[in-house]
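Quick check, what structure comes out for this input:
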Amino acid sequence: MIYKLYSLLIATPLFIIYTFFIAVLVIVSSIFRCDALAHNYIPRFWGKGAFVLYLLPVKVEGIEKLDKKQSYIFLANHQGYFDILLMYGFLNHGFKWMMKDYLKKMPLVGVACMFSKQIFVGDSLASIEKAVKDARKTLRDGMSMSIFPEGTRTYDGKMIPFKRGAFMLANEIGLPIVPITINGSFRAFSRKAKSVTRTQVSLIIHDPITTEQRQGKNTKAIMAEVYDVIEGSLE
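Below is the predicted model of the structure:
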């Protein structure tokens, strides 16, 4: 009960102020072309700070499997509201998000996402083609991309079937896919929850699946392989 009051009356108001401050920093850093700040250090600070603020312990496994100079497509299950913060704070790798177009309308945060050149995609073929073009320009020299292939947060903690778009994009661009399992985020703050629950959240980074390993496999087979890897470590 004490933690619930703390999270509602102290942590959440501070987090809202903190997020708007971070968004302003990202916009300013982007304007002055401080890419390392806008795309890596500031978002990482935001993610780590949120877990400190909410007093949530974090466990990370497999970080040694990533090469900082290599660009990847990170594919993670989507459990709750802390997933984005977890990825930003503890993946220790610069990346962009593939985001739905409508997220541009978020107050200030949407503006920060546009200034930091996140990759937006709509439902039209032209929008998807533009997303691929933008990704080709951006995803190099270690800059990666993160996608939730389920497309939305789970309702019950179980994984939702994947959408094809993320896998088609990965094949089109020709980057290694890194499956990531998120645990505990559903318990901490699911889409149906009204407040945060204190629990451990974990990030499990699996072995990258290279383009060579995907050769000869169709999209459906790759989707099934990644789904099984992620689900295999799901609590």
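
A helix includes Gly47, no?
Yes. Judged by DSSP: H, G, I helix; E, B strand; the rest coil, Gly47 forms part of a helix.

Which single helix of this protein contains the most residues?
Secondary structure of the chain read by DSSP state H shows that its longest helix is helix 12-31.

Which elements pack onto that one?
helix 42-53, helix 109-115 (3 or more Cβ pairs under 8 Å, 6 or more residues apart in numbering; DSSP states H and E). (Each C-beta comes from the backbone N, C-alpha and C, glycine too.)

Kindly reformat the ones you listed as CSV containing mean neighbour count and distance to Lys220.
What follows is these, written out as CSV (neighbours: other Cβ atoms under 10 Å; distance: least, Cβ to Cβ, whole Å):
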stretch, mean neighbour count, distance to Lys220
helix 42-53, 19, 33
helix 109-115, 18, 31
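
just the helices in this protein please.
2-6, 12-31, 35-36, 42-53, 83-90, 109-115, 125-138, 165-173, 185-189, 211-214, 219-232.

average pLDDT for the second one?
When you say that, I think you mean helix 12-31. Averaging the model's pLDDT scores along helix 12-31 yields 95.

To Gly89, which of the helices and strands packed on helix 12-31 lies closest?
Proximity to Gly89 (Cβ to Cβ) singles out helix 42-53 among the helices and strands packed on helix 12-31, at 2.5 Å.

ranking the helices of the chain by burial, who's on top?
helix 185-189 (a mean of 24; mean count of other Cβ atoms under 10 Å).

Mind checking the helices and strands packed on helix 12-31 for the one nearest to Thr211?
helix 42-53 (27.0 Å).

Off-centre distance for the closest one?
14 Å (Cα atoms, centre = their mean, to the nearest Å).

Begin at 21 from now on, thanks
Shifting the count to begin at 21 puts that one at helix 62-73.

now it against helix 32-51, angle please.
170 degrees (axes from the mean of the first three to the mean of the last three Cα atoms, to 10 degrees).
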